[in-house]
Every structure is written in structure tokens, then in C-alpha cells.
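Colleague: Predicted model, plus sequence, below.
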Amino acid sequence: MNKDLTQGPVMRSMLLFAVPMILGNLLQQCYNVADTLIVSWYLGPDALAAVGSAFTLMTFLTSILLGLCMGSGAVFSIRFGQRDEGALRESARASFVLIAALTVVLNILAFLCLDGIQVFLRVSDEAIWALMREYLAVIFWGIAGTFLYNYFACYLRAVGDSVTPLIFLAVSALLNIGLDLWFVIGLRRGVAGAAEATVISQYVSGLGLGLFALLRCPQLRPRRGDPPIRWAKIREIGSYSLLTCVQQSVMNLGILMVQGLVNSFGDTVMAAFAAGVKIDAFAYLPVQEFGNAFSTFIAQNYGARQEARIRKGLKGAVLAAVAFSVVISALVWVFARPLMALFVEGTETAIIAEGARYLRIEGAFYCGIGCLFLLYGLYRALGRPGMSVVLTVISLGTRVALAYALSAVPLFGVTGIWWSVPIGWALADITGFLYYLLRKRQLLSWGKTP
């Protein structure tokens, strides 16, 4: 199932590689959507608000691990393109040790800071906070499972296998839905039951995929007589992984800061945003995963020094992402209210109205986030993860600053938060494309290939 993206038709290779990744991320969202739907239908609006805010926090924590793994994946892809199996093996070992150690630290910090989350997220309602704390106290135990799945998934995708991670995630997603129904409805475990179902499913996918990868990929298996991991290799992996981690975590930290501002507007806006974020996750998920597939394509061809394929791939990817985003924007605009009704009872008209307004403002500009995902993938693959951080700071910095500024103006109120999102996307896109056009020759040189 390994696919060499340095050969064959450019767009066909990229799209075929991207499809399993898109389907896999759709299933990943099923973890949280299953929690949200079941919690909303059977436990009520307070539980929805609690799990929704917890989802934003968990997205931030997961983004740290995902960023570390994605950065390492870029190095793996480049080594695969160079056909340097020894360097690929050494990079995989160094990456696993580094990210595993950071995962342990992150997990400890998550539990130590649990009680401070209420203040950070500005959750004033004690009933909602009690539910949120109950959910988080369980869900934090799944952080290690998230690391295992993302590490081995990124490795397999880097060497061209985007199908196997999908298979393991499909099994895990179905298990999660079944356990959700059993724990929440059958055993009446409440929000803790929803979290327990997710944690069990995360370990099934993480441990299962890890075992498969060790059996399938000899580069991942430890051997007697392996030399100690060189500090230079840790530094190389760290330069990619840590900067990609910063990019991912800054992106989600900005969203987390906006979540705190949203929470200050009360339960109705809080619940509307919780449902709207879930719809967003599905709406622009395909272009997000297409951006990750595009990054693997660019990295393999960068390692193989295929400049013509890189240029052709970038043009085709931008056209595909924009076309898809326009179609999705139109659908979300038309079906905003029915989509909200999937997460909220029809009697909660105020929540549905606010959520629909959020979707019709932000959802009209999904092409902005689609292009931004491509730019993140491009600069990560070309060995410039720092540029991805710059674009994230521009996008999220604008979003956070405008959200706080506009929401304080009576004319805008909470609508100012919704408008800040596409403005941030647009500024980052303009910066990213201008930088590429002005520095194209330098970016496609091979003097700094790791």
C-alpha cells in the first residue's frame, strides 16, 4: 500500500493519496461528534456546553502532539524521497523518543492544571464546570493513545500508506459510537461515560496501528546493536517537529482564547458555538487533510529533487481546494439551520439562530482556510516550518485581537467574533502566497535539505 508520490500523474496521485486521509479524519471527528450528539440528546444543553468547551481544550492538547508528529512526518517523507533507508530509520527512532517524552510531560501538566481551566476558559456557571471537569478528568487519560495513533499514522503516510491508518480508525470510530450508547444510555454514566468511550477507542486505534506498523515496517523495529541516537538527529527532528507543534498549538490556543471570550456571552452563545465548531470541523475537514496529503507529496518530491512536479502540484492543489471550498460554503449557507438542528433540539430556537448566524458568516469563506492549510503543508515540506508559524500568528493574532475588539463594540457584539475569523484567514493567505512568489527560487533550492 506504500505509494511513491514522485512518480505518475501529479493530481491523480495526490488525490488518490488524499482520499483515505480525508475519510480517516471524518472518522476522527466521529469521536467527538458521537459524544456531542449523544450528550446533547440524552443529557441536555448544559452537558452540551460542557463537552463542547472541553472539545476545544482537547483539540488544543491534541494539536501539540499532532504538530510534533506532522513535523517528523515531513522529515520521514523527505528521507523516503531520497531513498535513504538508514537515515529514515534513525529519524524514526529519534522522533519516537522525543515525542514520547513530551507526551508524558504534557499528560502530567494536563492533570496538574485541571482546576485552573475554569478560570482560563471563563466558565462562570458552576453546574457546567462540574460537568466539564468530570469529562476532562477522564478524557486526559487518552492523551498517550492519541500520541501512539498520530505517530504511527504520520510515519505510514510519510512512506505512502494512507489506507492502513484509515482502517484502524474506522474500527475505533465504530467502537466509540457503540460504547457511547452503552455507557451514556445503558449504564447511565453521564459525561464521564462519553469520555470513557472515547479513551478506550483511542487506545484501540493507537496500540493496534502501532503493532501493525512494527510488524510491517522493519525501520521501526529496534535491533540489537543499534547505535545510540545522535544529538544531531534529535536536533534535526526537533527543528521540524517543535516548530510544527508551535504552529498547530498556536492555532488552537487562539481558538481556545476565543472560546473563553465566547463563554463570557452566556450559555446560549456557548452552546451555539459548541455546535457550530463541530459543523466547521466536518465542513473544512477535506481541505485540511488534502493539505496534509499535499505536504507529503511536496516533501517526497523535494527529497527527490523534482522541482517541476512541485510547481505543478501547487497550482493544481490550489485550484482543487478553492473549488471544493466554494461548494461547501454554499451548502453550509443554505443548510445552516438544519445543520444546527442536528445538535440542538428544535425548541432551542435562540441557540439554533445564533449558530446559524455563525455558520453563515464564517462558512462563506472556507476557501480562506482551504488555502491556508495548503500553505502550512507547503512550507513544512520545504523545510520552512517557521513560515507556517508566522502565518498562524498572523491568522490567529488577527482573529483574537479583532474578536476582543469588535465584540466590545455594541454595534457588533458577538457577531464581531464571527467576522474576525475570515479576516484572519485572508491576511495569512495574502502573506503566504506573496512570500512564495517573492522567494520561490530560494525555497526550491536544495541547499538546506535535511
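Modeller: Happy to help now that I have it. Residues are numbered from 1 along each chain as shown.
Colleague: Same question for Gly346, what's its three-state structure.
Modeller: coil (DSSP: H, G, I helix; E, B strand; the rest coil).
Colleague: Identify the residues contacting it.
Modeller: Ile352 (Cβ atoms under 8 Å, 6 or more residues apart in numbering). Bear in mind the C-beta positions are built from the backbone N, C-alpha and C, glycine included.
Colleague: what about it, distance to Gln300?
Modeller: For Gly346, the distance to Gln300 equals 49 Å [Cβ to Cβ, to the nearest Å].
Colleague: Could you do Asn263 as well?
Modeller: Distance, Asn263 to Gln300, by Cβ to Cβ: 43 Å.
Colleague: try Gln7
Modeller: Going from Gln7 to Gln300 by Cβ to Cβ gives 10 Å.
Colleague: out of the two, which sits in the more crowded spot?
Modeller: The neighbour count for Gln7 versus Gln300, taken as other Cβ atoms under 10 Å, is higher for Gln300 (30 against 12).
Colleague: I figured that one hits Asp4, correct?
Modeller: Yes - Gln300 lies in contact with Asp4 (Cβ atoms under 8 Å); the separation is 7.3 Å.
Colleague: got any residues that touch both of those two?
Modeller: With Cβ under 8 Å, 6+ apart as the test, Gln300 and Asp4 both reach Gly160.
Colleague: burial measure for Leu187, as a count.
Modeller: 12.
Colleague: so the residue nearest to it when sequence neighbours are not counted is in which element?
Modeller: Closest residue to Leu187 apart from its sequence neighbours, by Cβ to Cβ, 6 or more residues apart in numbering: Gly193 at 6.1 Å. For Gly193, the element it lies in under DSSP states H and E is helix 190-216.
Colleague: helix or strand right after that helix?
Modeller: Next along from helix 190-216, by DSSP H and E: helix 231-263.
Colleague: Show me what the mean pLDDT comes to for the helix or strand just after that following helix.
Modeller: Downstream of helix 231-263, the first helix or strand assigned by DSSP H and E is helix 267-283. Mean per-residue pLDDT for helix 267-283: 82.
Colleague: tell me what helix 267-283 is packed against?
Modeller: Under the contact criterion of 3 or more Cβ pairs under 8 Å, 6 or more residues apart in numbering; DSSP states H and E, helix 267-283 touches helix 10-43, helix 45-82, helix 231-263, helix 307-334, helix 336-341, helix 349-362.
Colleague: Would you mind getting the angle between the helix or strand just after that helix and helix 307-334?
Modeller: The first helix or strand that comes after helix 267-283 along the chain, using DSSP H and E, is helix 285-303. If you take axes from the mean of the first three to the mean of the last three Cα atoms, to 10 degrees, helix 285-303 sits at 170 degrees to helix 307-334.
Colleague: With only the CA atoms kept, save helix 285-303 in PDB.
Modeller: C-alpha atoms of helix 285-303 as PDB (Å, rounded to 0.1, in the frame of the first residue of the first chain):
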ATOM      1  CA  LEU A 285     -12.000  18.800   7.100                       C
ATOM      2  CA  PRO A 286     -11.500  17.600   3.500                       C
ATOM      3  CA  VAL A 287      -9.300  20.600   2.600                       C
ATOM      4  CA  GLN A 288      -7.400  20.200   5.800                       C
ATOM      5  CA  GLU A 289      -6.500  16.600   5.100                       C
ATOM      6  CA  PHE A 290      -5.900  17.500   1.400                       C
ATOM      7  CA  GLY A 291      -3.400  20.000   2.700                       C
ATOM      8  CA  ASN A 292      -1.600  17.200   4.700                       C
ATOM      9  CA  ALA A 293      -1.600  14.900   1.700                       C
ATOM     10  CA  PHE A 294      -0.300  17.800  -0.400                       C
ATOM     11  CA  SER A 295       2.500  18.300   2.200                       C
ATOM     12  CA  THR A 296       3.600  14.600   1.900                       C
ATOM     13  CA  PHE A 297       3.500  15.000  -1.900                       C
ATOM     14  CA  ILE A 298       5.700  18.100  -1.800                       C
ATOM     15  CA  ALA A 299       8.100  16.600   0.800                       C
ATOM     16  CA  GLN A 300       8.700  13.400  -1.200                       C
ATOM     17  CA  ASN A 301       9.300  15.300  -4.400                       C
ATOM     18  CA  TYR A 302      11.500  17.800  -2.500                       C
ATOM     19  CA  GLY A 303      13.600  14.900  -1.300                       C
END
